[in-house]
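Visitor: how would this look folded up:
(2 chains)
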Number of protein chains: 2
Amino acid sequence: MTELKTADCRLADVQVSQLTPRARAASRVLAALTPERKNAGLVAMAEALEASTDGLIAANANDVQRAQQAGTAASLVDRLRLTEDRIADMAEGLRALATLADPVGQVVRGWELPNGVHVDQLRVPFGVIGIIYEARPNVTADAAGICLKSGNATLLRGSSSAVESNRAVVAALRSGLDTASLPEDAINLVEGGHETTQEMMRARGQIDLLIPRGGAGLIHAVVEGSQVPVIETGVGNCHLFVDATGDQDIALRVIFNAKTQRPSVCNALETLLVHRDVAEEFLPKALEVLSAAGVTVHGDPDSVMIDSRIVPAGEHEYETEYLSLDLACKVVDDLDAALEHIARYSSGHSETIITNDLSHQQRFTTAVDAAAVLVNASSRFVDGGQFGFGAEIGISTQKLHARGPMGLVEMTTTKYVLVGEGQVRA
Amino acid sequence: MTELKTADCRLADVQVSQLTPRARAASRVLAALTPERKNAGLVAMAEALEASTDGLIAANANDVQRAQQAGTAASLVDRLRLTEDRIADMAEGLRALATLADPVGQVVRGWELPNGVHVDQLRVPFGVIGIIYEARPNVTADAAGICLKSGNATLLRGSSSAVESNRAVVAALRSGLDTASLPEDAINLVEGGHETTQEMMRARGQIDLLIPRGGAGLIHAVVEGSQVPVIETGVGNCHLFVDATGDQDIALRVIFNAKTQRPSVCNALETLLVHRDVAEEFLPKALEVLSAAGVTVHGDPDSVMIDSRIVPAGEHEYETEYLSLDLACKVVDDLDAALEHIARYSSGHSETIITNDLSHQQRFTTAVDAAAVLVNASSRFVDGGQFGFGAEIGISTQKLHARGPMGLVEMTTTKYVLVGEGQVRA
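Guide: Now for the predicted structure:
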């Protein structure tokens, strides 16, 4: 059965325009399902993934081999690789989704019009969601599961470097849906070159929402070119400002955590701003801790004067999302200068102040225009898992619809239902 | 003072790229204002409008004269015209906004992480909102007021046919802001040809949100071409299905109201679907009422067979948003056929069922994919004013961010604020 589905998915001539009506039809079924039916589907998908472990690893080995032959960096090959443990994790993720509260049907607000018409604003699925993403094949199961739980059909456009893995994962997931008597077309793999991404971006009315997940280049291309509504995710050029009154032990701890705990992610720290009044005292302490952890600090002339371990930085360093053990640094005159720097360079993800001054906290949290603003805490907390959402499809850095970590609720829209007894407008 | 401002606004070489940084700077001030300060601004704007009544009427007379000379239809000229009463209404609208609850700073949800970090999700302004709209100059005051109340700066791109009126209105509003010690650049008029709309659509990062208000052509062009996030408003191809069990008196009352109370608006009824079992009984009664009100009913062959007052309709009639005293009509076999027709032709605005069957009500409200679904009530209730929002910037027919009538809350985004005492991620 699984082999058959894999073969079906391999038809290279299946166009986006052929997939969308099927996905749309499946989405109509999904929208009316009880939470129980969807949860049974998620569990069946998990079981199908586990039952397909050998086939998944064999398919993945082809992708890995191709990547290695193409001279892909070892770290990227590692992200691509599926192991028994990683497959078990994917299955576990689907089972965990089944235990979460179902957002569909939740009443956001409800009231009665003066004439007695009852109005409810309910959460409902979007319909068809397109996910455009890069190499990691575990995203395939993860995104499909989150969309199914929220009642949405998906078009999954993975990277061609993971195409055999993605085919095998999608075939397993679809066979799980079939086992649970749910429509297989709820989960669709989009194959092909760049033109399929273009096709998805033009499918306004057929696809309700596009979410690009990956590097800045991918996200930029989708955001600029799409006629389908997009949620922009991910780029995080995150700042931390050490105020004059900030507790320096807290500052050291938070900077160390935000920079080094996982430097490759979007909520990691990229630029340190230090109040001039405490720079001479604080920077050497920070360099002590950061250098020991292998962090290279790139600073402005003032900071280089204070600590010679800081290497001179050009202006462009402040625009850089390093995603590595590098940190830009600048000495600023005051809170206003910090706010100005952040307004200029922030990507609107997560911005932090270390302060003990209540009025500065309030000014900072009000003035900074970002998905998350933190006071005396690590930006690494800005994450769906840490927020307790149980699932995350990405972190939105745009302002429309969803801003910050996106869980199941953000994968829904709303619908007004008005029930009357023949009322008409006067 | 007002004359001076008018002159300032008249500089034809002011580009969108010059306006956006000013608007952005003003938006930073607005975001930090108390509700009181914004309300004082709204009241001062109202007073400035009233004080400028003579100047507004004189400026408007030039637009009206130009429109008449160009042979513009009388109904459009009427929409363009400003009178003392209409100016008083605009002022009253601004004062009414001042009495509404302020959405900015509302806590959407808040919780504590297991480690004690406190998380609040707060409503905050978008920043800079661009409104692209057609002839009516009262929209200028209305949109500027709603944006100010929700803490947003605006770029108002009105129709060139109303340019002198819009200049005078914006000059008055800006002088009101000045009186209230608020930044005048919170409200900006964009002048110029089609290229300024293009410039707004490309201003991603400078403009946070674009809202087109007007005809289908305008909305389509903005939705298709914009790189700035857009909320689509307005097109309503609305259906009503008379089920076999539907109370026919209710059906007649609701159809009459939804079609004739104000045919030119987006929540008016455009297509009537009648269950075959009751078509022969119901259609003649409906035609009685509708014909008396001057409504022309365009029907499929089955309905024409039943009542000869129904004129034969082609398939394209079902795609038409008449916005006039015309109504498409079709006899359908059952609920499924009604749902299928609606899925095919609906613009996703407001869809109605008249039924007394609970399971049909439930199937209809779940299956229909629209901003609003009504049971035994008129679609004319789908309106910000009727919903009790107190203000409305339009009715969204898209699913991202806002769906249905948009009030002040929909003019905000959210921001997470996390406050800790030095917590870091393990």
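Visitor: CA atoms for contacts and neighbours, from now on please.
Guide: Fine.
Visitor: So for A:Ala391, what's the nearest residue that isn't a sequence neighbour?
Guide: Spatial nearest neighbour of A:Ala391, excluding adjacent residues (CA to CA, 6 or more residues apart in numbering or on different chains): A:Gly407 at 5.5 Å.
Visitor: what's the neighbour count on A:Ala73?
Guide: Neighbours of A:Ala73 under the rule other CA atoms under 10 Å in any protein chain shown: 10.
Visitor: ok, it to chain B distance?
Guide: 28 Å (CA to the nearest CA, to the nearest Å).
Visitor: Give me the phi and psi for that residue.
Guide: Backbone torsions of A:Ala73, given as degrees, to the nearest 10, read phi -60, psi 140.
Visitor: Let me see the contact set for it.
Guide: By CA atoms under 8 Å, 6 or more residues apart in numbering or on different chains, the contact list for A:Ala73 is empty.
Visitor: just the helices in the stretch 101-250 of chain A please.
Guide: Ranges of helices within the stretch 101-250 of chain A are A:138-149, A:163-179, A:194-202, A:216-225, A:248-260, based on DSSP state H, counting those that start in this stretch.
Visitor: got CSV for the ones you listed, with distance to A:Arg309, mean pLDDT and mean neighbour count too?
Guide: Conversion of the helices of the stretch 101-250 of chain A to CSV gives the following (distance: least, CA to CA, whole Å; pLDDT from 0 to 100; neighbours: other CA atoms under 10 Å in any protein chain shown):
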stretch, distance to A:Arg309, mean pLDDT, mean neighbour count
helix A:138-149, 40, 95, 25
helix A:163-179, 45, 97, 26
helix A:194-202, 45, 91, 17
helix A:216-225, 30, 86, 17
helix A:248-260, 17, 98, 22
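Visitor: Dump those helices into a markdown table; add distance to chain B as well.
Guide: Formatted as a markdown table, the helices of the stretch 101-250 of chain A follow (distance: least, CA to the nearest CA, whole Å):
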| stretch | distance to chain B |
| --- | --- |
| helix A:138-149 | 15 |
| helix A:163-179 | 21 |
| helix A:194-202 | 9 |
| helix A:216-225 | 5 |
| helix A:248-260 | 5 |
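Visitor: Run a quick neighbour tally on the residue nearest to A:Ala391.
Guide: A:Gly407 - counted by other CA under 10 Å - has 24 other residues nearby.
Visitor: can I assume it is in contact with A:Gly388?
Guide: No - applying CA atoms under 8 Å, one finds A:Gly407 not in contact with A:Gly388, separated by 9.2 Å.
Visitor: Tell me which other helices or strands whichever strand or helix holds A:Met45 touches.
Guide: Element membership for A:Met45, per DSSP states H and E: helix A:35-51. Helix A:35-51 is packed against helix A:84-99, helix A:138-149, helix A:163-179, with contacts defined by 3 or more CA pairs under 8 Å, 6 or more residues apart in numbering or on different chains; DSSP states H and E.
Visitor: chain center to it: distance?
Guide: Put simply, helix A:35-51 sits 23 Å off its chain's centre (CA atoms, centre = their mean, to the nearest Å).
Visitor: Go ahead and confirm A:Asp262 touches A:Leu269.
Guide: Quick fix: residue A:262 reads Arg, not Asp. No - counting by CA under 8 Å, A:Arg262 stays clear of A:Leu269, with 9.6 Å between them.
Visitor: Among those two, which residue is more densely surrounded?
Guide: Set A:Arg262 next to A:Leu269 and count neighbours by other CA under 10 Å: A:Leu269 wins out with 37 against 16.
Visitor: Please name the bridge partners of the more buried one.
Guide: Going by DSSP bridges, A:Leu269 is paired in beta bridges with A:Cys238.
Visitor: could you list every residue that touches it?
Guide: A:Asn237, A:Cys238, A:His239, A:Leu240, A:Ile255, A:Ala258, A:Lys259, A:Pro263, A:Leu327, A:Ser379.
Visitor: now do A:Gly127
Guide: A:Arg24, A:Ser27, A:Arg28, A:Ala31, A:Gly151, A:Asn152, A:Ala153, A:Ile207, A:Asp208.
Visitor: Which of those residues fall in strands?
Guide: Among the contacts of A:Gly127, the members found in strands (DSSP state E) are A:Ala153.
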